[in-house]
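> return a 3D structure for these sequence lines:
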Amino acid sequence: MAKKSKTESAPAPASKSVSKKSASVNIGISDKNRAAVANDLQILLADESLLYAKTRNFHWNVEGPHFGPLHKLFEAQYTELAEVIDSIAERIRKVGHYAVGTLSGFLNLARLLEHNGEGDGTDRDMIQALLDDHETIIREMRNTIDRADDTYKDAGTADFLTGLMEQHETMAWMLRAHLA
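Numbers count the residues shown, from 1 in each chain. Predicted structure coming up:
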């Protein structure tokens, strides 16, 4: 899957199954629909993992007059993202598939771009990069929620994703406030 810019995203790949099925699951959702949901969740897991690493990188490398508050903000956000990542992986397991858990797997699936520099850019650049990624995830989640509910008949995943989307909206708001 080709990498997209931080403000551009691609829909989940329809033809490539990235989820490995586990034991038989009978939760009222067809195998085909559970596989499609798991694939969407795998891509989200990859995006979240990339955003976690980027946020942690910025926490370690932020400098300047706003170091203290930004160091704490980035730490709070990567801590929250760690919980989000775990909950997505667990949701993948609940629908009967194994979660991707390797860095190469995440990089292969992620729609977000990795940040390779240390200490390049200003604190405002860091905030803007994180804000762009959160907003990309929010937009993608809206599409994934609709697919989960309407196409795949998985209200549980749709509800789960709605809660995660609200967490991202809050994190984006906090970042946006620092840019005002």
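
> tell me how far the one residue sitting closest to the centre of the chain lies from Val37.
In the chain, the C-alpha nearest the mean C-alpha coordinate belongs to Glu48, at 2.8 Å (Cα atoms, centre = their mean). According to Cβ to Cβ, to the nearest Å, Glu48 stands 16 Å off from Val37. Yep, even glycine has a C-beta here, placed from its N, CA and C like the rest.

> and if you look at Glu80?
Counting by Cβ to Cβ, the gap from Glu80 to Val37 is 23 Å.

> now do Arg124
Distance of Arg124 to Val37, given as Cβ to Cβ: 37 Å.

> who has more neighbours, these two?
Neighbours per residue (other Cβ atoms under 10 Å) separate Arg124 from Val37, with Val37 holding more: 29 against 13.

> state the helix or strand in which that one lies.
Using DSSP states H and E, Val37 sits in helix 31-61.

> remind me what that helix packs against, helices and strands.
Where contact means 3 or more Cβ pairs under 8 Å, 6 or more residues apart in numbering; DSSP states H and E, helix 31-61 is packed against helix 67-94, strand 97-98, helix 103-109, helix 123-146, helix 155-179.

> cutoff 7 Å now
Helix 31-61 is packed against helix 67-94, helix 103-109, helix 123-146, with contacts defined by 3 or more Cβ pairs under 7 Å, 6 or more residues apart in numbering; DSSP states H and E.

> distance to Tyr52 and mean pLDDT added to the ones you listed, as a markdown table?
Shown next, in a markdown table, are the helices and strands packed on helix 31-61 (distance: least, Cβ to Cβ, whole Å; pLDDT from 0 to 100):
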| stretch | distance to Tyr52 | mean pLDDT |
| --- | --- | --- |
| helix 67-94 | 4 | 96 |
| helix 103-109 | 10 | 93 |
| helix 123-146 | 10 | 96 |
